[in-house]
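Enquirer: need a 3D model of the following:
(one chain, ligands or ions: 2)
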Amino acid sequence: MNITHGIPVAPGIAIAPAFVLDQTRERIARDRVAPEACQEEVEALNRAIAAAVESVQADRHRVEQDLSPEAAQIFDVHLGLLRDDALLQPVRDRILSDGVTAAWAVSDAFHRLAEQFRSMGSAVFRDKARDILDLERRVLDELLGRTRARLAQVSEPVVLLAHELTPADAASLTVDLVRAVVTEAGGRTDHASIVAAALGVPVVVGCGDLVGDLQDGDPVIVDGTRGRVVIRADDEVMAKYRRRLEEQERFRASVPRIGRTRTACGVDIQLLGNIEFVREVDTLKEVGGDGVGLYRTEFSYLTSDTEPDEDALYEMYSSALKALDGKPLTLRTLDLGADKYTQAMKIEPERNPFLGLRSIRHSLQNLGMFRRQLRAILRASPHGSLRVMFPLVTTVGEFRQAKMMLLDVAEELRDEGHEVARDIPIGMMVEVPSAAIMAATFARAADFFSIGTNDLIQYTVAVDRGNERVASLYTASSPAVLRLVKTVVRAAQRRKVPVSLCGECAGDINYTMLLLGLGLRSLSLVPALIPRVREVIRRVSLEDCERLARRVGSMDSERRIGLLLRNELLRVLPEIDDEDVDDIG
Ligand code: PEP
Ligand code: MG
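Expert: Ligands and ions are numbered 1, 2, ... in the order given. Here you go, the predicted model:
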């Protein structure tokens with residue numbers, strides 16, 4: 001039995017045989033070919049590239065159908081590389097001049113290029129290196145006639161394990177048969193993690209060495225809640241987890257998918273969804289969500305080499321608004337930078353990107369791009385109930401500047417004869433300590449707040465949210481973070497500014513009672529998690545929640561707060577008691 005810990009990205013338990021994605025990657029030997037055979041090698045290479053283009057296009061098409069047009073754009077980067085003669089012509093020349101096999105020439109060229117990107121020392125180049133190695137694998141698969149271990153060929157449920165996933169790999173996953181995703185590398189907010197989590201299965205990343213010790217078919221337990229992966233579990237551990245899994249499924253089946261979200265004492269709570277793709281509105285409707293509390297719009301900018309044009313964005317935003325049938329869509333303007341880099345931004349890496357040109361700062365320094373997004377947003381506004389919010393606001397001046405820009409663009413559009421909705425609420429993410437501490441001041445300027453605990457935690461306790469080495473220090477149970485949340489909610493209540501919370505802890509049932517107790521009446525979370533959170537809300541009274549919040553407020557240890565929250569949850573939801581797996585290791 002081998003127990004490994006990683007970063008929990010999506011909760012739940014899965015048990016299934018291993019499917020190791022990287023198995024087919026072996027080093028290619030430097031074999032020589034006779035001079036008269038070189039031309040045939042070049043032709044074989046050309047055929048392999050053409051076949052690889054076809055296979056990428058097929059993946060692109062499937063992802064467009066299954067996931068979204070935005071996700072499908074990931075593959076455009078690959079297609080661009082496969083058609084790039086500056087990359088491929090030297091490979092052909094090498095075969096002819098050095099008399100080496102096409103396979104070795106491809107492998108050598110792609111590895112060198114990937115290494116160049118890696119050695120640039122910045123995390124932002126790693127994505128590019130991964131794309132290049134992914135392509136190497138595709139071309140070699142064609143060239144050597146080996147079957148790529150594609151998930152399309154999987155015929156039974158599996159746990160997918162890989163050293164790391166490219167966003168393209170993640171987007172190609174066959175949802176029905178992949179019961180969980182585990183990677184050795186990667187952070188919680190990598191693109192690949194975001195796409196994998198959208199599948200609704202348990203996901204654990206950043207596990208360190210794992211795959212080398214594994215064979216396809218080995219039994220694997222994935223505990224996405226604890227970030228634990230158990231390989232070849234002994235009978236006792238397997239029996240405990242099988243019981244857990246059965247209970248998880250029983251609980252899931254017993255919780256109503258839709259219905260009113262009202263506390264036991266009769267207070268209505270709003271449950272909104274966090275989405276990255278328009279298609280997720282379907283899931284949100286299936287679980288009776290009250291609207292979208294966070295639409296992360298940056299994804300369509302990340303998956304393409306070029307900025308999406310205004311009309312394409314307009315179509316996307318309009319279709320989201322229409323799909324929501326009048327329920328609110330809280331659209332967050334571009335949150336680029338930090339770990340979310342466009343192809344263009346990758347060219348000039350920053351030394352400290354989380355404290356650098358990110359989010360609203362990036363938009364305010366790239367006004368052309370910002371205006372184009374705002375035009376698309378505002379043109380879409382008549383199609384539904386739109387709210388706009390700005391990410392990572394740190395000063396009131398910044399918020400006013402962004403708001404002014406939005407009003408200016410609205411005027412410009414009306415002058416051009418476009419219809420633009422009146423009185424669109426303009427709000428902000430509260431996700432840095434400066435905004436939380438000054439919430440009372442911000443409340444005079446903003447129409448609503450959305451508390452982003454994902455970033456608020458990392459900026460308050462100085463812990464990188466995507467770094468597996470400090471993952472244990474990253475927790476919403478931090479007394480400092482909770483105090484900031486309370487400050488924001490109080491300021492909002494005093495000024496009658498609507499406030500919601502959209503960090504990942506909104507979807508973690510351990511925090512539901514505390515968040516209500518702190519005064520929140522609106523939460524925004526991964527749509528698939530709404531039924532569980534609703535169930536907790538239905539069973540609790542605000543009086544109990546407030547009492548819990550007071551107790552937590554007097555505590556000074558993250559660990560003790562975490563334990564108290566867990567115990568309270570088990571009191572109201574005894575059927576999820578999974579203490580038996582807590583001490584496994
Ligand atoms: C947050 O920071 O809490 C948040 C919801 O935004 P993101 O995860 O996109 O940074
Ligand atoms: Mg954030």
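Enquirer: spell out which parts of the chain neighbour ligand 1.
Expert: Residues of the chain found near ligand 1, taking C-beta under 6 Å from any ligand atom as the criterion, are 294, 296, 335, 431, 452-455, 502-503. To be clear about C-beta, it is placed using only N, CA and C from the backbone, and glycine gets the same treatment.
Enquirer: what do you get if the cut-off is 8 Å, keeping everything else the same?
Expert: Within reach of ligand 1 by C-beta under 8 Å from any ligand atom, the chain has these residues: 189, 274, 294, 296, 332, 335, 338, 391, 429, 431, 450-456, 502-504, 524.
Enquirer: avg pLDDT for the helix or strand Arg130 falls within?
Expert: The secondary structure element spanning Arg130 is helix 126-143 (assigned by DSSP states H and E). Averaged across helix 126-143, the pLDDT comes to 80.
Enquirer: so how far is it from its chain's centroid?
Expert: Helix 126-143 has its C-alpha centroid displaced from the chain centroid by 23 Å (C-alpha atoms, centre = their mean, to the nearest Å).
Enquirer: helices or strands next to it in the packing?
Expert: For helix 126-143, the contact count by 3 or more C-beta pairs under 8 Å, 6 or more residues apart in numbering; DSSP states H and E identifies helix 38-66, helix 74-82, helix 102-118, helix 167-172 as packing neighbours.
Enquirer: from those, which stretch is densest packed?
Expert: Per residue and on average, the most neighbours among those fall to helix 167-172, with a mean of 26 (mean count of other C-beta atoms under 10 Å).
Enquirer: now, which of the residues of the chain next to ligand 1 lie within strands?
Expert: When DSSP state E is applied, the residues of the chain next to ligand 1 are split such that 274, 294, 296, 332, 429, 450-451, 524 fall in strands.
Enquirer: which parts of stretch 350-365 are buried?
Expert: Along stretch 350-365, the positions that meet the burial threshold by neighbour count (16 or more other C-beta atoms under 10 Å) are 350, 353-354, 357-363.
Enquirer: whichever residue of the chain sits closest to ligand 2: neighbouring residues, count only.
Expert: With distances taken as C-beta to the ion, the chain approaches ligand 2 most closely at Asp455, which sits 3.7 Å away. Applying other C-beta atoms under 10 Å, we find 23 residues neighbouring Asp455.
Enquirer: neighbours around the closest residue to it other than its chain neighbours, how many?
Expert: In space, not counting the residues next to it along the chain, Asp455 is nearest to Glu431; the distance is 3.9 Å by C-beta to C-beta, 6 or more residues apart in numbering. Burial of Glu431, expressed as a neighbour count using other C-beta under 10 Å, amounts to 26.
Enquirer: which stretches of the stretch 401-550 of the chain form strands?
Expert: Listed in chain order, the strands of the stretch 401-550 of the chain (DSSP state E, counting those that start in this stretch) span residues 426-430, 449-451, 499-501, 522-525.
Enquirer: could you point out which of these sits nearest Gln116?
Expert: Checking the strands of the stretch 401-550 of the chain against Gln116 by C-beta to C-beta gives strand 426-430 as the closest, at 36.1 Å.
Enquirer: tell me the strands beside that closest one, with direction?
Expert: With DSSP bridges as the test, strand 426-430 is paired with strand 385-390 (parallel), strand 449-451 (parallel).
Enquirer: still on that earlier bit, weed out the non-buried ones from the ones in strands among the residues of the chain next to ligand 1.
Expert: 274, 294, 296, 332, 429, 450-451, 524.
Enquirer: biggest separation within those, which pair?
Expert: Taking C-beta to C-beta as the measure, these reach their widest spread between Arg296 and Ile451, a distance of 15.5 Å.
Enquirer: could you list the low-pLDDT ranges of the protein?
Expert: Across the chain, the ranges flagged by pLDDT under 70 are 22-27, 121-124, 146-153, 166-175, 188-191, 194, 303-305, 341-347.
Enquirer: show me which strand runs longest in it.
Expert: The residue-count maximum for a strand in the chain (DSSP E) belongs to strand 13-20.
Enquirer: on that earlier part again, now render the strands of the stretch 401-550 of the chain as JSON lines, adding distance to ligand 2.
Expert: As requested, those are exported to JSON lines (distance: least, C-beta to the ion, whole Å):
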{"stretch": "strand 426-430", "distance to ligand 2": "6"}
{"stretch": "strand 449-451", "distance to ligand 2": "10"}
{"stretch": "strand 499-501", "distance to ligand 2": "12"}
{"stretch": "strand 522-525", "distance to ligand 2": "12"}
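Enquirer: among the ones you listed, which is the most enclosed?
Expert: Mean neighbours per residue, mean count of other C-beta under 10 Å, is largest over the strands of the stretch 401-550 of the chain for strand 449-451, with a mean of 28.
Enquirer: now do it: distance to the chain's middle.
Expert: The chain centroid and the centroid of strand 449-451 are separated by 19 Å, computed with C-alpha atoms, centre = their mean.
Enquirer: right, and Arg232 touches Asp218 too?
Expert: Yes - the pair Arg232 and Asp218 passes the contact test of C-beta atoms under 8 Å, sitting 5.7 Å apart.
Enquirer: was I right about Val481 contacting Gln458?
Expert: No - counting by C-beta under 8 Å, Val481 sits too far from Gln458 to count as a contact (9.7 Å).
Enquirer: before we move on, the earlier item: out of the strands paired with strand 426-430, which is closest to Ala435?
Expert: Closest of the strands paired with strand 426-430 to Ala435 is strand 449-451, at 8.7 Å (criterion: C-beta to C-beta).
Enquirer: those residues of the protein touching ligand 2, which are they?
Expert: For the chain, the residues in contact with ligand 2 under the definition C-beta under 5 Å from the ion are 431, 452, 455.
Enquirer: the second one contacts Glu431, correct?
Expert: Yes - Gly452 sits in contact with Glu431 when judged by C-beta under 8 Å, with a separation of 3.3 Å.
Enquirer: give the residues shared as contacts by these two.
Expert: The contact sets of Gly452 and Glu431 overlap at 391, 503 (C-beta atoms under 8 Å, 6 or more residues apart in numbering).
Enquirer: is it true that Val278 lies in a helix?
Expert: No - if the criterion is DSSP: H, G, I helix; E, B strand; the rest coil, then Val278 is coil and not within a helix.
Enquirer: check which helix or strand the nearest residue to it once chain neighbours are set aside maps to.
Expert: On the basis of C-beta to C-beta, 6+ apart, the spatially nearest residue to Val278 that is not a chain neighbour turns out to be Ala320, at 4.6 Å. Ala320 is part of helix 310-323, with elements assigned from DSSP H and E.
Enquirer: tell me which residues are up against that helix.
Expert: Contact partners of helix 310-323, identified using C-beta under 8 Å, 6+ apart, comprise 69-70, 275, 278, 281-282, 285, 292, 295, 297, 300, 308, 329, 331, 372-373, 375-377, 379-381, 383-386.
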